[in-house]
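**Student:** 3D model of this:
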Amino acid sequence: MVSDFLDSIQNKSSVNQQPLRRMAPIKRGMKARDLLKFAGTWQGDDLEECLSFVKETRSKTQF
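**Tutor:** Next up, the predicted model:
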């Protein structure tokens with residue numbers, strides 16, 4: 001029973017998924033400009049809503 005359930009979940013999640021791109025790991029000591037290759041252009045009309053969500057839910061960084 002459990003294995004059937006797990007099989008059904010796996011089958012649903014693997015349908016219509018594009019293969020993952022292999023990317024080089026992000027290395028320590030990189031500068032912010034080195035990360036720009038991962039940035040994209042915002043598409044949508046919910047930027048303000050997303051920024052509000054981030055501000056409300058983020059936690060303080062601990063070092």
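**Student:** spatially central residue in this protein, please.
**Tutor:** residue 38 (11.3 Å; Cα atoms, centre = their mean).
**Student:** what mean pLDDT would you report for the helix or strand containing residue 55?
**Tutor:** Secondary structure assignment for residue 55, by DSSP states H and E: helix 47-57. Averaging pLDDT along helix 47-57 yields 90.
**Student:** other SSEs contacting that helix?
**Tutor:** For helix 47-57, not one helix or strand is in contact under the criterion 3 or more Cβ pairs under 8 Å, 6 or more residues apart in numbering; DSSP states H and E. From N, CA and C alone the C-beta is placed, and that goes for glycine too.
**Student:** can you list the residues that contact that helix?
**Tutor:** Among residues not part of helix 47-57, none is counted as a contact by Cβ atoms under 8 Å, 6 or more residues apart in numbering.
**Student:** report the distance from that helix to the chain centre.
**Tutor:** 16 Å (Cα atoms, centre = their mean, to the nearest Å).
**Student:** got the buried residues for that helix?
**Tutor:** For helix 47-57, burial by neighbour count (16 or more other Cβ atoms under 10 Å) applies to no residue.
**Student:** what about residue 7, helix or strand, and which?
**Tutor:** Going by DSSP H and E, residue 7 is part of helix 2-14.
**Student:** to clarify, my last question referred to residue 25.
**Tutor:** Going by DSSP H and E, residue 25 is not part of any helix or strand.
**Student:** can you give me the pLDDT of it?
**Tutor:** 72.
**Student:** what's the neighbour count on it?
**Tutor:** 5 (other Cβ atoms under 10 Å).
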